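Student: What would the 3D arrangement of this be:
(2 chains)
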Amino acid sequence: MAFRIYNTMSRSKEELRPIDGKTVRMYTCGPTVYNYAHIGNFRAYMFEDLLRRYVRFSGFGVVQVQNLTDVDDKTIKASIAQGVPLKTYTQTYVDAFFEDLAKLGIEPAEHYPAATDYVPEMIALIETLFEKGYAYQSEDGSVYYSIDKFAGYGMLARLDREGMQAGARVAQDEYGKDNAADFALWKAYVPEDGDVWWDSPWGRGRPGWHIECSAMSMKLLGESFDIHTGGVDNIFPHHEDEIAQSEAATGKPYSKYWMHCGYLVVDGRKMSKSLGNFHTLREILDMGYTGREVRYELLSSHYRQSLNFAFKSLDANRAALKRLDEFHAALREAAADGTVAGELPAWAAETRARFTEAMDDDMNISGALAAVFDTVHAGNKAMADHPLGGGEALAVLGLWNDLDRVLGFLVPREEAVPAEVRELVAARSLARANKDWAESDRIRDRLAELGWGVKDTPEGPKPRKL
RNA sequence: GGUGCGGUAGCCAAGUGGUUAGGCACUGGAUUGCAAAUCCAUGAACACCGGUUCGAGUCCGGUCCGCACCUCCA
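Tutor: Residues are numbered from 1 along each chain as shown, chains lettered A, B, ... in the order given. The predicted structure follows:
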C-alpha cells in the first residue's frame, strides 16, 4: 500500500511521490501573529502535524516550512495603537504560538521564517515578475500582478473567470488596477503604516501578503516542492495567487500537491474573529481541559470534513482517552515482569496493518482509530481471561509507541505516584482488611481530593490519576 | 449567479454494491464491601422520491435542507 492524499489541484486522491523520491518538502501556511491563535487556526496546524507525522511514519523524510506573517494591516495597526515597535508587538504572539503548539503536542517544523526577514527575497521576486511582464505599478505607487497575463490563473480554485461576480468585498480604495482581481505585490507606503516600511525599486512600502509565501517557500524548499497546505479558505485567493506569482517567475511547477483542511465551526457556524464566536486555545485550557484532549478533538475527525467544535465532545473525548489510558496502564503492569519484547498476541497482530491501511487512504483517521479501539477491546477481553505475558505486553507497548508517533495522544505521560497517595492507599488497604468500610471510603474521598482514584483488583489496589 | 462540502442511530463519526465500523452516552447482567475499571448482553441509522441491480447508505436522476468560498479569514 502507498500513502494516497487528496490533491485539491486534481480533485482526486494521488499517491504521494516526493519529487526527489525520499524527502517530502512541505509548506504550511502559518499564523498572522497579531493575536493569540484560536482553536480554528489550530485545526489547520493539527492537520499539518498529522500529515508530517504520517509522512515520516510512511518512511519519508520531511522538511516543513511554516511561515509567520509578522507584517500586515492588522499587526501594523495594533502595534501603532499600543505604541510599540512592530517587532516587539508581534514577538509576544510568536512566543505564544510556540507555547500553544507545544501544549498540543504539535511537532516543530524545520523552518519558521518570519516575513520581515525575507523582504529582499520578495523584492527580487517582484523584480523578476516585472522583467517578465507580469507586474505593473499603479498611480498610487503600489505594484500589482496582472492576472490576465497568466493563462493558468484560476486552475486551483476552478474559477469561472467569466462568471465571476465582482465581490462586494473588493476594496473601494484600490484605484488604478488593470483588472479588479489583480492583487498587490508591493503596497506603497501610506501614513497609517507609521515607521513600518522598506525601500524598494518602486519606492517605500511593504510587501503584499501572497508574495511572502512564494518568496519564503521557494527560498527554503526550492522552486518546485511537494506539498502546500492550508485551510480551504486559502484556496482562493491566496494559493491561487501564489501559483500565479511563483510559476510566472520561475516557469516551473510550484507545488506538486495541494492539501486543504475543512473549517472548524462552532454551533454550525464558521469560527472567526470577525464573528466573535471564537475560542483561543488558552481559554479552553483555562477551563481545565488538557492539550491532549484538545489534540484528540482536533484530530479525531477527517481533516477535509468540517469539524463542529463543542465542549460536550471534549468531555466525551476525556472518557475515550481514559479508556486508552486504562489499557495502557494494564499493559505496563503486565510488562513489569518481562524483559524483552516477544511476539505480538493474536489480538494485536493485525492492528498495525489496519491502522496503516486506513491512514494510507488520505489519512482516514476514523478507520485508524477504529483499529486502535478494536485492539483495546480485544486486548481487554483477552486479559480478562488470562494474564498477559511480559514479553507480549512489551510487544504491544512497542506497537503503541509506534502508532503514537502518528497520533501523539496514545501514550499517556507517566505520572509518578506521590508518597502521600501511596501512604493513603496503604492505609486504606489496612482499613479494608479490617472491614472498616467507613474509613476506607473516607480515605478514597481524600484521595479524590488529591486527584487520585484507586481501583481494587485481585492483585491489590492500584492508584489511578483521575 | 459561479465553485465546493455535507445531510448515517440520543450525540460525534467511518463506510471500496453483498457477513458487526469506531467513540461517547443509555439499559440489563457478571464482577466489587460499595465503587472504579473490565467483560457479557440488548438495542438503535442511513434527508426525501424515483430508477438500475438478484441485492443500494454505497451507482444514476430528481427534490428538499444545512454550511462554506467568490480579493488579504486556517
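Student: Residue A:241 against residue A:183, yeah?
Tutor: Yes: counting by Cβ atoms under 8 Å, residue A:241 does reach residue A:183; the two are 5.3 Å apart. In short, each C-beta sits where N, CA and C put it, glycine included.
Student: Could you tell me the end-to-end distance of stretch A:339-353?
Tutor: End-to-end distance for stretch A:339-353, by Cα to Cα, to the nearest Å: 26 Å.
Student: Do it and RNA strand B come into contact?
Tutor: No: applying Cβ under 7 Å from any atom of the strand, one finds stretch A:339-353 separated from RNA strand B by no less than 10.7 Å.
Student: quick one, phi/psi of residue A:135?
Tutor: phi -120, psi 150 (degrees, to the nearest 10).
Student: Can you tell me which helices and strands whichever helix or strand residue A:214 is part of packs against?
Tutor: Assigned by DSSP states H and E, residue A:214 belongs to helix A:209-221. Helix A:209-221 sits against strand A:23-28, strand A:61-66, helix A:119-131, strand A:183-188, helix A:240-250, with contacts defined as 3 or more Cβ pairs under 8 Å, 6 or more residues apart in numbering; DSSP states H and E.
Student: which neighbours do residue A:241 and residue A:183 share?
Tutor: Counting by Cβ atoms under 8 Å, 6 or more residues apart in numbering, the contacts common to residue A:241 and residue A:183 are A:145, A:210.
Student: who's more crowded, those two?
Tutor: Under the neighbour definition other Cβ atoms under 10 Å, residue A:241 and residue A:183 were set side by side, and residue A:241 has more, 26 against 21.
Student: Now for that one: which residues touch it?
Tutor: Each residue near residue A:241 by Cβ under 8 Å, 6+ apart is listed here: A:145, A:183, A:210.
Student: quick one: pLDDT of it?
Tutor: Residue A:241 is assigned a predicted lDDT (pLDDT) of 93.
Student: just the helices in the stretch 201-350 of chain A please.
Tutor: In the stretch 201-350 of chain A, the helices defined using DSSP state H, counting those that start in this stretch lie at A:209-221, A:240-250, A:281-286, A:291-299, A:311-335.
Student: Would you mind writing the CA trace of the second one as CSV?
Tutor: It stands for helix A:240-250. Output in CSV follows, covering the C-alpha atoms of helix A:240-250 (Å, rounded to 0.1, in the frame of the first residue of the first chain):
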residue,chain,number,x,y,z
GLU,A,240,-4.2,30.8,-6.5
ASP,A,241,-2.1,33.9,-6.3
GLU,A,242,0.9,32.1,-5.0
ILE,A,243,0.8,29.8,-8.0
ALA,A,244,0.5,32.7,-10.4
GLN,A,245,3.4,34.6,-8.9
SER,A,246,5.7,31.6,-8.5
GLU,A,247,5.2,29.9,-11.8
ALA,A,248,5.3,33.1,-13.7
ALA,A,249,8.6,33.9,-12.1
THR,A,250,10.3,30.5,-12.5
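Student: Noted, bye for now.
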